[in-house]
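**Student:** build me a model:
(chains A and B)
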Amino acid sequence: MIELTIDGINTRASEGTTVLEAAREMGIIIPTLCYHEGLSPYGACRVCIVEVVKGNGSSLEASCTLPVEQGQVIVTNSEKVRKARRVIMELLLSSCPNSKTLQDMASNMGINNIRFKIKDRGCILCGLCVRYCKEQMQSGGIGFIGRGISRKVATAFDTTPEECRNCGGCEWICPVCERACTADNLVGGLCGGCQNVVPVETCPVCVRCSESVGPHGHRVY
Amino acid sequence: MDESTCMVDLAKYFTRFLTEESCGKCVPCREGLDRMLDILIDITEGRGKEEDIDLLQELGEVIKETALCALGGTAPNPVLSTIRYFRDEYEAHIKDGRCPAGVCKALISFTIDEDKCTGCGVCARECPQEAISGEKKLPHTIDQVKCIKCGLCRDSCKFDAIIVS
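**Tutor:** Okay, here's the model as predicted:
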């Protein structure tokens, strides 16, 4: 067993576990996007960053890919972590402004405006679909093509590959391709608040709405 | 590199290169550098906002700290160090709408110094836009509407009569 300190609490974790797993075991909430229990860690979204204290300084590391080490000191919710997470959430939202998962996460962190130019790409390249297809369905029908800003998830030669069994797993696991928020007046590109849209039967209540309407005056859609 | 190199333009050049070099796996490097480039383009084209400098610094620090690999870890350095040492140049672009080095085309204009111009006509012959006119041996003028700010007149003038402001 390896002994480490997370948020000031001494804990033990077996060798080979990640800091994220150890923290979740203790009930500490670390937000994640590209992490999934049934899939290999990927470390692309950087939302799960934690502060690793090293001597007098500290560095930020993605907890989903960081293995536990003897004597490690981890802080999961320091000012530094919150500041960096905020910028990362804003970047994610600016590339997928209509995703309810992202909007909810942002609201939980108290983010209600985006300072960056909004470029709706409809994909955050978290790689969940690619890993799900390969690791859980043993198919490998989809993968990444391109690099940098033109990187995207695609099938080979843009045709339906033989490997694809139309299982729909990629759509099921995708955190951003769900029904988009259709409110008219989006605040800085975020959820506009469902109270502005009638009829609203299609809108599952997001955190932002419950905040703006308040717990008592909230209409249940 | 000297006083005729615009530091914002330099940061933009490196950031554009690094945006292309980014593999695109992690969010801070892929999206962060792209947004950083957008802000730099806005500043060099005269659309900069006062809060942009702080935003660039905050974004740069986050990219540096959270990127997956060393490319992302060093990619914001050109922006961060030009802001650290040449903050006044950024401020000149944003607040005064001018490029001190005379590089950012949206923020500069070419004029002819009447005292220095001998009316030799070399600039008029060089100008691809035929924007320069004037009588022989008399000071010439530049038509600002036609001028594309290519700088050929400045390069060809033997009397340093072309003023970039």
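**Student:** when you work out contacts or count neighbours from here on, use the C-alpha atoms and nothing else.
**Tutor:** Noted.
**Student:** skip the chain neighbours and tell me the closest residue to the residue nearest to the spatial centre of chain A.
**Tutor:** Against the mean C-alpha coordinate of chain A, by CA atoms, centre = their mean, the closest residue is A:L33 at 2.2 Å. Leaving aside its chain neighbours, A:L33 sits nearest to A:C45 (6.3 Å; criterion: CA to CA, 6 or more residues apart in numbering or on different chains).
**Student:** wait, what's in contact with that neighbour?
**Tutor:** Neighbouring residues of A:C45 by CA atoms under 8 Å, 6 or more residues apart in numbering or on different chains: A:T32, A:L33, A:C34, A:I124, A:C126, B:C26, B:V27.
**Student:** which helix or which strand is home to it?
**Tutor:** Per DSSP states H and E: A:C45 is located in neither a helix nor a strand.
**Student:** what do you get for B:M36?
**Tutor:** B:M36 belongs to helix B:33-44, assigned by DSSP H and E.
**Student:** against which helices or strands is that helix packed?
**Tutor:** Helix B:33-44 sits against helix B:7-21, helix B:52-66, with contacts defined as 3 or more CA pairs under 8 Å, 6 or more residues apart in numbering or on different chains; DSSP states H and E.
**Student:** and the angle for the first one with helix B:33-44?
**Tutor:** Read it as helix B:7-21. Inter-element angle recorded for helix B:7-21 and helix B:33-44: 150 degrees (by axes from the mean of the first three to the mean of the last three CA atoms, to 10 degrees).
**Student:** can you check the pLDDT for the residue sitting nearest the centre point of chain B?
**Tutor:** Centroid-nearest residue in chain B, with CA atoms, centre = their mean: B:C104, separated by 3.1 Å. Looking at B:C104, its pLDDT reads 93.
**Student:** who are the contact partners of it?
**Tutor:** When contacts are counted by CA under 8 Å, 6+ apart, B:C104 touches B:C6, B:D9, B:T44, B:E45.
**Student:** now the helices and strands packed on helix B:33-44 as TSV including mean neighbour count?
**Tutor:** Output for those, formatted as TSV (neighbours: other CA atoms under 10 Å in any protein chain shown):
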stretch	mean neighbour count
helix B:7-21	20
helix B:52-66	21
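**Student:** can you classify A:V50 by secondary structure?
**Tutor:** At A:V50 the chain is in strand, as set by DSSP: H, G, I helix; E, B strand; the rest coil.
**Student:** I'd say it and A:L66 touch.
**Tutor:** No - counting by CA atoms under 8 Å, A:V50 does not reach A:L66; the two are 9.6 Å apart.
**Student:** neighbour-wise, which of the two wins?
**Tutor:** A direct count of neighbours by other CA atoms under 10 Å in any protein chain shown for A:V50 and A:L66 places A:V50 higher, at 30 against 19.
**Student:** relative to B:D88, how far out is the residue nearest to the more buried one when sequence neighbours are not counted?
**Tutor:** Closest residue to A:V50 apart from its sequence neighbours, by CA to CA, 6+ apart: A:T76 at 4.7 Å. A:T76 sits 37 Å away from B:D88, going by CA to CA, to the nearest Å.
**Student:** neighbour-wise, which of those two wins?
**Tutor:** Neighbour tally, A:T76 and B:D88, criterion other CA under 10 Å: the higher count belongs to A:T76, 24 against 15.
**Student:** could I get the pLDDT score of that one?
**Tutor:** 94.
**Student:** and if you look at A:E211?
**Tutor:** As predicted, A:E211 sits at a pLDDT of 43.
**Student:** try A:G122
**Tutor:** On the pLDDT scale, A:G122 gets 81.
**Student:** which residues sit in contact with the residue nearest to it when sequence neighbours are not counted?
**Tutor:** Closest residue to A:G122 apart from its sequence neighbours, by CA to CA, 6+ apart: A:C96 at 5.3 Å. Taking CA under 8 Å, 6+ apart, we find A:C96 in contact with A:L102, A:K119, A:D120, A:R121, A:G122, A:C123, A:I124, A:V176.
**Student:** okay, those residues in JSON lines with neighbour count, distance to B:F110 and secondary structure next?
**Tutor:** Putting the contacts of A:C96 into JSON lines (neighbours: other CA atoms under 10 Å in any protein chain shown; distance: CA to CA, whole Å; DSSP: H, G, I helix; E, B strand; the rest coil) gives the following:
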{"residue": "A:L102", "neighbour count": "21", "distance to B:F110": "48", "secondary structure": "helix"}
{"residue": "A:K119", "neighbour count": "14", "distance to B:F110": "36", "secondary structure": "coil"}
{"residue": "A:D120", "neighbour count": "15", "distance to B:F110": "39", "secondary structure": "coil"}
{"residue": "A:R121", "neighbour count": "13", "distance to B:F110": "40", "secondary structure": "coil"}
{"residue": "A:G122", "neighbour count": "14", "distance to B:F110": "44", "secondary structure": "coil"}
{"residue": "A:C123", "neighbour count": "17", "distance to B:F110": "45", "secondary structure": "coil"}
{"residue": "A:I124", "neighbour count": "28", "distance to B:F110": "45", "secondary structure": "coil"}
{"residue": "A:V176", "neighbour count": "22", "distance to B:F110": "50", "secondary structure": "coil"}
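**Student:** cool, thanks, talk later.
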